[in-house]
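> below: sequence and its predicted model.
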Amino acid sequence: MIDLHVHSTCSDGTFSPKELVEYALSHNISAFALTDHDTVAGLDEAVSYAASLSGKVCDKNPAGNTLTVISGIELSTEYECGDIHVVGLFINYQKKSFQDYITSFVASRELRNEKMCLLLQAHGIDITYEALKNTFPDAVITRAHYARFLTEHGYTGSMKEAFARYVGDHAPCFVPREKVTPVQAVSLIKSADGIPVLAHPALYRLSSARLEQLVKELKEAGLLAIEAIYSTYSPAETRQIHALAKKYHLAISGGSDFHGTNKPGLQFGTGYGKLYIHEEILDKLKALLMPAAKTAE
């Protein structure tokens, strides 16, 4: 079993990279992609920890299971005034040009977070960006962190209420993020030698015609795969995305979109209990890397 869409505490998940590795080893997950939002901060830890435990019988891996951690990222983009996410798999995240982009993106996020904190203060909430960072060390701060902070400090009764009252898209303390276009995200992932994947396309609520137009545009820009297996898809949505994959000659990818307790009931590897991604999916994705490798030789 594999899972090609997983988040850690380095973005808006609640499992650390090491905890994800330990969970995977204990639940017979042979490979997973760490795809944190707009950051690669957890990859070194996850990759090295998995390598140290894989295939070895020890306290953290009593069955001696093997595990591969795939270097990934989920980039936030905007299309027709809506969010579109593009996952990158097998990225060369240590490439200087890619690191430079991540650094500049994080800087823009920090400015946005400081503005949101000022708005929340104006609404009577005792919050600072420093306090947020101290509460969630080593994480790229997202609105989920704001919602958790507000709930844990008694300003709201739930994260859902925090979004509705303060930090949701139409709430008074929301500040839009700087975003790239989906085409730019595909190009960035390709420049890092990775496989660009259109993430959970059925979630965008585009009409069938607009969704197909998006897929067509991204295919022309270098899109290689599409997330056709996903935790919340209905059978009809699964068929729709598979049909688009076939029409535009895209590989199939899939994942749970695991966020730990930030998405209650959604499990790593199995989603809401029915998700299953066969290792053949990963083999076909790996095959897409071979032409680039041969060219490099």
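Here it is on my side, so go on. Numbers count the residues shown, from 1 in each chain.

> quick one: end-to-end distance for stretch 266-277.
Stretch 266-277 has an end-to-end distance of 15 Å (Cα to Cα, to the nearest Å).

> for that stretch, which outside residues touch it?
Stretch 266-277 has contacts (Cβ atoms under 8 Å, 6 or more residues apart in numbering) with 1-4, 6, 15, 20, 23-24, 27, 29, 32, 229-232, 254-259, 265. Yep, even glycine has a C-beta here, placed from its N, CA and C like the rest.

> swap the cut-off to 6 Å and go again
Stretch 266-277 is contacted by residues Met1, Ile2, Asp3, Tyr23, His27, Ile29, Ile229, Ser231, Gly254, Ser256, Phe258 when judged by Cβ atoms under 6 Å, 6 or more residues apart in numbering.

> just checking, the last one touches His5?
Think Phe258. No - Phe258 is not in contact with His5 according to Cβ atoms under 6 Å; the separation is 7.5 Å.

> can you select the buried ones among the contacts of stretch 266-277 for me in ChimeraX?
Buried residues within the contacts of stretch 266-277, by 16 or more other Cβ atoms under 10 Å, are selected in ChimeraX with:
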select :1,2,3,23,29,229,231,254,256,258
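
> pLDDT value on the nearest residue to Glu178 once chain neighbours are set aside, please?
Spatial nearest neighbour of Glu178, excluding adjacent residues (Cβ to Cβ, 6 or more residues apart in numbering): Ser108 at 4.2 Å. As predicted, Ser108 sits at a pLDDT of 82.

> and the gap between Ser108 and Gln184?
Using Cβ to Cβ, to the nearest Å, Ser108 is found at 14 Å from Gln184.

> tell me how far whichever strand in the chain runs longest lies from the chain's centre.
In the chain, taking DSSP state E as the definition, the longest strand is strand 68-79. Here the centre of strand 68-79 is set off from its chain's centre by 5 Å, with Cα atoms, centre = their mean, to the nearest Å.

> what do you get for stretch 156-175?
22 Å.

> if we ignore the residues flanking it in sequence, what's nearest Ala46?
Pro17 (3.8 Å).

> repeat for Tyr248
Once flanking residues are discounted, Tyr248 sits nearest to Lys219: 4.7 Å by Cβ to Cβ, 6+ apart.

> where's Lys56, which helix or strand?
In the assignment (DSSP states H and E), Lys56 maps to no helix and no strand.

> quick one: the helix or strand hosting Asp283 to strand 68-79, angle?
Per DSSP H and E: Asp283 is located in helix 279-287. Angle of helix 279-287 versus strand 68-79, following axes from the mean of the first three to the mean of the last three Cα atoms, to 10 degrees, is 70 degrees.

> mind listing what's buried along helix 279-287?
Across helix 279-287, burial judged by 16+ other Cβ under 10 Å covers Ile281, Leu282, Leu285.

> just those now: which is nearest Ala51?
Leu282 (17.5 Å; Cβ to Cβ).

> how about that closest one, what does it touch?
Residues near Leu282 by Cβ under 6 Å, 6+ apart: Ile2, Ala31.

> still on that earlier bit, what is the neighbour count of the residue nearest to Tyr248?
Look at Lys219: counted by other Cβ atoms under 10 Å, it has 18 neighbours.
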